[in-house]
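Q: Using only what follows, build the 3D model:
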Amino acid sequence: MSYLHHIAYIGIGSNVGNRIENIRKAVSSISENKEVELISVSSVYESLPFGNNNQENFFNAVIKLKTSLTHYKLFDFLKKLELKLGRISREHWGPREIDLDILLFDDLILSDDVLTLPHKGMHLRDFVLLPLAEIDKSVVHPVLKISVNELLNQVQDRTIISKIDEKILIQEKEIG
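A: Predicted coordinates:
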């Protein structure tokens, strides 16, 4: 699969319905895309909601993948997948059945009306940095030029409550 030459990290979150099953379905659906090869899946972490605190706790994970999709096509695929998996549009930072965000795409730095890379605010969120560091400690934030481990040590607002004792299963194969 040498045509899969981009590396992307995707943040996954859910706080509506069966949170672990929502994450499993998302990872499984992503892995079924022929233009994507799943490399690794982090553990799942329970965290306090970010922004709007008047909602259920989130389950969060990060996946690493190789893809032949451009960053815009990957973004479009993930947004369509959210809808397919039942995401309902609500207020900003509100409850979500599933939330799929491109955190990093190669070392691309981009900000326009569609997409910001790296994902804005990721360097402030332990629920992104801890699972990201778990699957790839070598990641360096392309703008800040700081490793994810260093960024995690600098996070002020800690929202992770615990690591969930659940594995993400994909097509009979356990990952994570």
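
Q: what bridges to the closest residue to His6 other than its chain neighbours?
A: Leaving aside its sequence neighbours, His6 sits nearest to Thr67 (Cβ to Cβ, 6 or more residues apart in numbering; 5.0 Å). C-beta coordinates here come from the backbone N, C-alpha and C atoms, glycine included. Each beta-bridge partner of Thr67 is listed here: His6, Val36, as defined by DSSP bridges.

Q: Of all the residues in stretch 100-116, which ones are buried?
A: Leu100, Asp101, Ile102, Leu103, Leu104, Phe105, Leu115 (16 or more other Cβ atoms under 10 Å).

Q: Against Glu35, how distant is the residue nearest to Val27 when sequence neighbours are not counted?
A: Taking Cβ to Cβ, 6+ apart as the measure, Val27 lies nearest to Ile168, with 5.2 Å between them; neighbours along the chain are not counted. Distance, Ile168 to Glu35, by Cβ to Cβ, to the nearest Å: 20 Å.

Q: What of Val139?
A: Taking Cβ to Cβ, one finds Val139 at 22 Å from Glu35.

Q: Same check on Thr67?
A: From Thr67 over to Glu35 (counting by Cβ to Cβ), the distance is 6 Å.

Q: Enumerate every residue touching Arg90.
A: With contacts defined as Cβ atoms under 8 Å, 6 or more residues apart in numbering, the neighbours of Arg90 are Arg96.

Q: any idea which helix or strand carries it?
A: In this assignment (DSSP states H and E), Arg90 forms part of neither any helix nor any strand.

Q: and what of Glu82?
A: For Glu82, the secondary-structure element it belongs to, assigned by DSSP H and E, is helix 71-84.

Q: C-terminal to that helix, what's the next element?
A: As assigned by DSSP H and E, the chain's next helix or strand after helix 71-84 is strand 99-105.

Q: Name the strands paired with that next one and say parallel or antiparallel.
A: As defined by DSSP bridges, the strand partners of strand 99-105 come to strand 6-14 (antiparallel).

Q: what's the angle between the strand it pairs with and helix 71-84?
A: Strand 6-14 and helix 71-84 are oriented at 20 degrees to each other (axes from the mean of the first three to the mean of the last three Cα atoms, to 10 degrees).

Q: So which bits of strand 6-14 are buried?
A: Residues of strand 6-14 classed as buried: His6, Ile7, Ala8, Tyr9, Ile10, Gly11, Ile12, Gly13, Ser14 (neighbour count, 16+ other Cβ under 10 Å).

Q: packing partners for the helix or strand following that strand?
A: Sequence-wise, the next helix or strand beyond strand 6-14 is helix 19-32, with elements assigned using DSSP H and E. Using 3 or more Cβ pairs under 8 Å, 6 or more residues apart in numbering; DSSP states H and E as the contact criterion, the secondary-structure elements in contact with helix 19-32 are strand 6-14, strand 36-41, strand 58-67, helix 71-84, strand 168-170.
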